[in-house]
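Asks: Dropping the sequence and predicted coords here.
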4 protein chains.
Amino acid sequence: MNQHYPSKSRQTLSKRTPMRLSKQQNYQVAAIETMCHNAGQILISLLSYKALSTTDLQENFLMNQTFNVAKLAKIYANKSAHDILKLAFHQFGDGLWVSFSGAEDVVLIDIAWKLNKNVKVFSLDTGRLYPETYQFIEQVREFYKIDIELISPDHVKLEPFIKEKGLFSFYKDRHDECCGIRKIEPLRRKLSGVSAWVTGQRSDQSPSTRSKVAALEVDANFSTPKRTLYKFNPLIQMASEEAWNYIRMLELPYNSLHKRGFISIGCEPCTRPVLPNQHEREGRWWWEEDTHKECGLHTRNIISKE
Amino acid sequence: MNQHYPSKSRQTLSKRTPMRLSKQQNYQVAAIETMCHNAGQILISLLSYKALSTTDLQENFLMNQTFNVAKLAKIYANKSAHDILKLAFHQFGDGLWVSFSGAEDVVLIDIAWKLNKNVKVFSLDTGRLYPETYQFIEQVREFYKIDIELISPDHVKLEPFIKEKGLFSFYKDRHDECCGIRKIEPLRRKLSGVSAWVTGQRSDQSPSTRSKVAALEVDANFSTPKRTLYKFNPLIQMASEEAWNYIRMLELPYNSLHKRGFISIGCEPCTRPVLPNQHEREGRWWWEEDTHKECGLHTRNIISKE
Amino acid sequence: MNQHYPSKSRQTLSKRTPMRLSKQQNYQVAAIETMCHNAGQILISLLSYKALSTTDLQENFLMNQTFNVAKLAKIYANKSAHDILKLAFHQFGDGLWVSFSGAEDVVLIDIAWKLNKNVKVFSLDTGRLYPETYQFIEQVREFYKIDIELISPDHVKLEPFIKEKGLFSFYKDRHDECCGIRKIEPLRRKLSGVSAWVTGQRSDQSPSTRSKVAALEVDANFSTPKRTLYKFNPLIQMASEEAWNYIRMLELPYNSLHKRGFISIGCEPCTRPVLPNQHEREGRWWWEEDTHKECGLHTRNIISKE
Amino acid sequence: MNQHYPSKSRQTLSKRTPMRLSKQQNYQVAAIETMCHNAGQILISLLSYKALSTTDLQENFLMNQTFNVAKLAKIYANKSAHDILKLAFHQFGDGLWVSFSGAEDVVLIDIAWKLNKNVKVFSLDTGRLYPETYQFIEQVREFYKIDIELISPDHVKLEPFIKEKGLFSFYKDRHDECCGIRKIEPLRRKLSGVSAWVTGQRSDQSPSTRSKVAALEVDANFSTPKRTLYKFNPLIQMASEEAWNYIRMLELPYNSLHKRGFISIGCEPCTRPVLPNQHEREGRWWWEEDTHKECGLHTRNIISKE
C-alpha cells in the first residue's frame, strides 16, 4: 500500500511550507532526540507506521473478540495513536469518521490517512471560524486528496437566536447557547448516522477536564437508546510538544494562526493568542472564570469528573 | 419624534469612535464645504432630516395615488435618499425591509432610522464574512438599538457543495455558485415574505452595472408571478465621497476594515483592500476578468444593460 | 542607451509583484483610458520617455543659457516630470541628487533612472521608518540596480533628546523637534555637499502648503551665503491618480503599506492609514490641528504662503 | 523606602494592562503554585523584595571584602536575582547600569527598581527595532518613572555600510557586521564610561551558549587593559516560565509582540514569531544554521565554550 503523500499535493506543500523547516531537518531530528528522551517510546511507535496489511496476531485476536470497550480501553491505555486508530479502522471500517478542528489535530489525519487513504473526515463549520482556519482546512483537503465534510448550523435555529441576542451574546451569558446551536446540534445530526468517531483531544489540553479520558469509550453524549456510538481518542496520551515535533519533523501543513501566538484554535470571537508559557486553554473563553472549558462536544468529560 | 441617537449607545459610540473625528469637526465641516460644492444640494437635503410627520402636500398627493413605479421613478430620479426612503416608508410601512451589507451603507440605516425608529433591517450572513464585519453589524445593532436579522445559508444545500468542491471553488469556476447558495437563495427566502426592500447600491460603485439603476423599481429578480416585490435604491445618486463625508461628519460607526484599505466589503475570500486611487470594484472577485461584478442580488442590473 | 529594467531585477519583480497586475494589464489600460481622459496629455508625455540623447533644439537652447531659475520655472511650469528632470540632469549632471521617501515617489526614480542609469538617490533614515518602508527601499535598490544612500541622524544629538523627552514627545509638543533631529539636520548635512536636489512633492499632497511650489527653484531653506542650492520638483503638477496609474501600468514596485490603507508614508508613529475618500494629509501628524503639515524639508512652502 | 509603583503610572498601567490578568489573579496564583513547585525557592525569594536598607550580616561581610569576582560568583551561583542585584548595587552604586532589550527582561528592571528607584537603564536602539518595542520601552519609562538611555549607531559608520550592502545584507553574509555597527560599537561606546553593567541573559534562552554563564563575571569583551568592567547576570538561573509568571502575577507591562507569538525579541528583520513548543532561539537569525546565536554582546559565552 502506497504510504507516500499524493505527488501533486506534495508539490503544493513544498511551495507553501516555510523553507526553514525543510532546511533544518537534520537539526530538528537532533533537537527532537534531545527534547523527547522521555517520550521516546511513544514517538518511535508513531513514526514506525505500519499499514493495515501488517498482521499482528495478538491485536487481531483482540479485534476479533466481541467489541468490549472497557477491556480494550484498558489494553490500549498506553498504546500509540497509530495502534488506537488501527483498532478503530479494523473494527468500524467505513463507519468510522475522524473529526478535525483545523488545528494541530492534523496529526490525527496524518496517522489515519496513512492507515486508510479513504479516511472519512468532517469538521464543524460554525460560520464563525477564522479565515485562516478555512484556508487550512482546504490546504489539508488538497494535501491528502481527501474529502472533508463541513457540517453547518441549521439556519432555522440560528436565525432567531441571532435576531434576539445579537452576534456576541456569549460574552454576556456564556458560550453554551451559541456552541449548542453552532456546534453541538450539527454534530449530533452528523453523528446520528455514524457508528464510531475519532477525536483529537489530548489530556494536556485541559488538565481539569481531559486528564481521565480513555483511548476509546462509549460516547455518552451522543449515543441514543437505540444506538451505541463509539468514540476513539488516539491522541489522548500525546503531549503538545510531541504533536508539534510530529508536525515539524514530517513537514505537515499547519494553521497559519500558529505562527501568530495561537495554540488552541476554535471560533474567532472565542479564541485568542496566548503569552509565552501561558496555558493554551487560557486562549479560549477567557471571560469565563471556571476551569471546565469544553464546548459540549466532550461534555461527559466534565460530568464524569464530578 | 425623537431624532437623537439612543443616549446609551451614544456613550458607547463616543468610546469607540476615534477621537480625531470629534476634535476635527470644525475642520471637516470646512473641508466638506470645499469638497462638495458640486454635490451641495444633495448633501443639504440629506442633512435637513425631517421626520415623517412633516407634511408635504405634493408628496402626499403622489403617495396617495396608485403606486405607479415608473412614474415615481421619474419623479424621484434626482431626489435625496431621505425623500426616497420617506416615500418607501409611507407606501409600505412595516412591510419595508432595509438590507445592510456591513459597509458604508450604514448611511442608509442612519437615514432610515431617523425616519422610523422601528426600521427593519436584515443582513446576509454568508458564513464567510470578515470578523470585523460581524463586529460592525453588532456595533450598529447596539448604536441604533435596532434588531438586525441575519439570514444564513441552508445547510442542506451548503454541505454537499462544500463536500464536492471545497471551500474555495469560486477561485476556479467563478463566484456565482457560491453566491447562489450563500447569498441568493437565503435572500430569496427572506424576500418571499416581504413587500418591498431597500438596498444601498450606488451607481459609482460599479459604473458598468449600476449606472442606470432607478431610485425605485419593481424587483425583476425576486418578484414572483403571484407577488410583485418593490425595490428602493435611495443611495443610487450618492457618490462615495458624499457617503463618507456623511459618516465622518455625523460620526457614525464604520467597519474597521475601512481603516485598512478596504472600500467595498463582502465575503472574506472575495474582498481585498485596494491601492490608492484604485476603483473599489477591483477589490472584489478580482480573479474574474469581466467588468460585470454583481453577486446576483442585483442581477437585473446586468441583464437590463445587455 | 538601454531603457529596459535590468533583467535580473525584472525577474525579482515578477516574483514579488502581485500577479493580478500583470494579468490585468489589458483591463487596466482600458480603465486608465476611461479614468484619465482629462489628464491624458500629461500622461502621454510621461509615457513617451525619451533618453537624454534625444535632441530637442528648443530645450537645448534654454539649457545652454545662463541658469536663470525664475525664467526657467515659468517655462517649465506646465512641462512634464520627464522634461523637468531632463533639464535638471543637463544642468547639474553628477551633482544632482534625487530624494526618495519610500512611497509613491518611486515614480520619480523611475523617470530619472530612464534618463540616467547612474542616477544618485538618497533617503532619510530617521530610525523610525516602517519595516515595510525599509523593505521597499531595498526592493527599489535591487529593481533598478542603483545605490540608495540612507542618511541617519547624529547620535550625539539624538541620544540626549530621547533621554530627556522619551520616544514619543512629538505627541505632546509637536513633531518639529523630532523632525529637526531625525530629518532636517541629516538632510542639511547631506545637502551641504550637493549642487541641486530633486524632490517628489506634489501640489495635491497638501493644498495648503504645496499649491504654489514651482517646478524648479532656489532652495531657500538649505542654500548658504556661500553656496546656492537648486531644487527641482518634477512631480509638482502630477495628481495622485496619475502617479498611481503610472505605478500600476508600468508595474513598478510599491510600498506594501499602500495595500493597507496608507497613502502618504512617513515615520511609523507619525503615519496612519486613512479612510476611503479621506485626504492623505490626514494620515500625517493628525494630532496637530493646523493645516500646514510639513516636516521642515520644504519649510519655505509654508513661509512663502504667509 | 517606598516600594510601590508611582501612582500615576500605576493608573496608566491599569488602563493598558489587559483586564483578564487582574481578574484572574487568584487563579494564576494557584496555577503558579502548581507549575512552579520545583522552582519555588527562587520564586519565593524573588517575591520577598527587601529594600537595600535591609541588613544582612553575612552579605555585608562579603561585600565589604575586596571585590573578588571568582569567589563571589561561586557564592552567588544559586542566589536569587534580587540578591545578585543587591550585591551589584552595593558594590557599584551609581556606577551600575542595567541594559534592557525591550522584552521579558522587564523583570530585571522591576527587581532593580525596587532596590533602587534611581536605577540607570539603557537600551540599544539599533534603528531597526519593532514599532511595538519602541512603544514598550516608552511604556516602561513611564511606568517606573525612570530615564532610559537609548544608544544609537554612529552614522559615520552606518551610512557607508548601508550604501555598499543595502539594508538586508545580514540575510546573505550573516548578522555579525550589522550587529557590529548597530549594537556592538554603540555598546562599547556606552560601556567605556561604565564600571559595571547588568544583563538579562538567562541560560535557557540559548542552551548552547548561555548554560555556563556566571551570576557575575569580569566582562572579557568590553574590559580594556586600563579598566576592568564587571558584568552581572541576575536572571541567569531564571527559567522562561518563571520570568513570565513574574510578569503576569505582578501585572508588569510587556511588549505587545508577546501576544503575537514572539518570545525572544530583537531587531525587526532578525526576529520572528515561533510555533507552539518551538525554542525561542529559532525565532532569531533563523537563516543561519549554526547553534551559537549571539549578537556579540556576550561573545565570550561562545569563545569560552570552545
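Replies: Sure, I can see it.
Asks: can you pull the contacts of the residue nearest the centre of chain A?
Replies: Using Cα atoms, centre = their mean, the residue of chain A that lies closest to the mean C-alpha position is A:Gly200, 2.4 Å off. Counting by Cβ atoms under 8 Å, 6 or more residues apart in numbering or on different chains, A:Gly200 touches A:99-101, A:103-105, A:107-108, A:235. In this view, the C-beta of every residue, glycine as well, is placed from N, C-alpha and C.
Asks: how close does the closest residue in space to it that isn't next to it in sequence get to A:Val140?
Replies: Of all residues beyond its chain neighbours, the one nearest A:Gly200 is A:Asp105 (2.9 Å), with distances taken as Cβ to Cβ, 6 or more residues apart in numbering or on different chains. From A:Asp105 across to A:Val140, the span is 10 Å (Cβ to Cβ, to the nearest Å).
Asks: Regarding the residue of the stretch 201-306 of chain A at minimum distance from chain B, what are the backbone dihedral angles?
Replies: As assessed by Cβ to the nearest Cβ, chain B sits closest to A:Glu268 within the stretch 201-306 of chain A, at 4.7 Å. In terms of degrees, to the nearest 10, the main-chain angles of A:Glu268 are phi -60, psi -50.
Asks: how about the helices in the stretch 51-200 of chain A?
Replies: Shown for the stretch 51-200 of chain A, the helices assigned by DSSP state H, counting those that start in this stretch span residues A:57-64, A:69-76, A:81-92, A:106-115, A:131-144, A:155-165, A:170-173, A:176-179, A:185-191.
Asks: Stretch A:82-95 close to chain B?
Replies: No. Shown here: stretch A:82-95 not in contact with chain B (Cβ under 8 Å from any Cβ of the partner chain), separated by at least 15.9 Å.
Asks: Could you pull out the buried residues of that stretch?
Replies: When neighbours are counted by 16 or more other Cβ atoms under 10 Å in any protein chain shown, the buried residues of stretch A:82-95 are found to be A:82-92.
Asks: Include pLDDT and distance to D:Lys226 when you put those into JSON lines, please.
Replies: Rendered in JSON lines, the data for those read as follows (pLDDT from 0 to 100; distance: Cβ to Cβ, whole Å):
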{"residue": "A:His82", "pLDDT": "97", "distance to D:Lys226": "66"}
{"residue": "A:Asp83", "pLDDT": "97", "distance to D:Lys226": "69"}
{"residue": "A:Ile84", "pLDDT": "98", "distance to D:Lys226": "69"}
{"residue": "A:Leu85", "pLDDT": "98", "distance to D:Lys226": "70"}
{"residue": "A:Lys86", "pLDDT": "97", "distance to D:Lys226": "72"}
{"residue": "A:Leu87", "pLDDT": "97", "distance to D:Lys226": "74"}
{"residue": "A:Ala88", "pLDDT": "97", "distance to D:Lys226": "74"}
{"residue": "A:Phe89", "pLDDT": "97", "distance to D:Lys226": "75"}
{"residue": "A:His90", "pLDDT": "96", "distance to D:Lys226": "78"}
{"residue": "A:Gln91", "pLDDT": "96", "distance to D:Lys226": "80"}
{"residue": "A:Phe92", "pLDDT": "96", "distance to D:Lys226": "80"}
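Asks: Using a markdown table, lay out these together with distance to chain D.
Replies: Supplementary listing: the buried residues of stretch A:82-95 in a markdown table, determined by distance: Cβ to the nearest Cβ, whole Å:
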| residue | distance to chain D |
| --- | --- |
| A:His82 | 21 |
| A:Asp83 | 24 |
| A:Ile84 | 22 |
| A:Leu85 | 23 |
| A:Lys86 | 26 |
| A:Leu87 | 28 |
| A:Ala88 | 26 |
| A:Phe89 | 29 |
| A:His90 | 32 |
| A:Gln91 | 32 |
| A:Phe92 | 31 |
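Asks: ok, back up a step: tell me which of the contacts of A:Gly200 is nearest to chain B?
Replies: A:Phe100 (12.9 Å).
Asks: Surely the residue of the stretch 201-306 of chain A closest to chain B touches B:Glu132?
Replies: No. Contact criterion Cβ atoms under 8 Å: A:Glu268 and B:Glu132 do not qualify, at 10.1 Å.
Asks: so what's the residue of the stretch 51-200 of chain A found nearest chain D up against?
Replies: Closest residue of the stretch 51-200 of chain A to chain D, Cβ to the nearest Cβ: A:Glu104 (7.3 Å). With contact taken as Cβ under 8 Å, 6+ apart, A:Glu104 is in contact with A:200, A:240, A:243-244, A:247, A:254-255, A:258, D:276.
Asks: Restricted to helices, list those.
Replies: Residues of the contacts of A:Glu104 located in helices (DSSP state H): A:240, A:243-244, A:247.
Asks: Name the member of these with the most neighbours.
Replies: Highest neighbour count within the ones in helices among the contacts of A:Glu104, by other Cβ atoms under 10 Å in any protein chain shown: A:Ala243, with 25 neighbours.
Asks: Now do that residue against C:Asn245, distance only.
Replies: Counting by Cβ to Cβ - A:Ala243 and C:Asn245 are separated by 51 Å.
Asks: With A:Asn118 instead?
Replies: As for A:Asn118, its distance to C:Asn245 is 53 Å (criterion: Cβ to Cβ).
Asks: Could you do A:Arg128 as well?
Replies: If you go by Cβ to Cβ, the gap between A:Arg128 and C:Asn245 works out to 40 Å.
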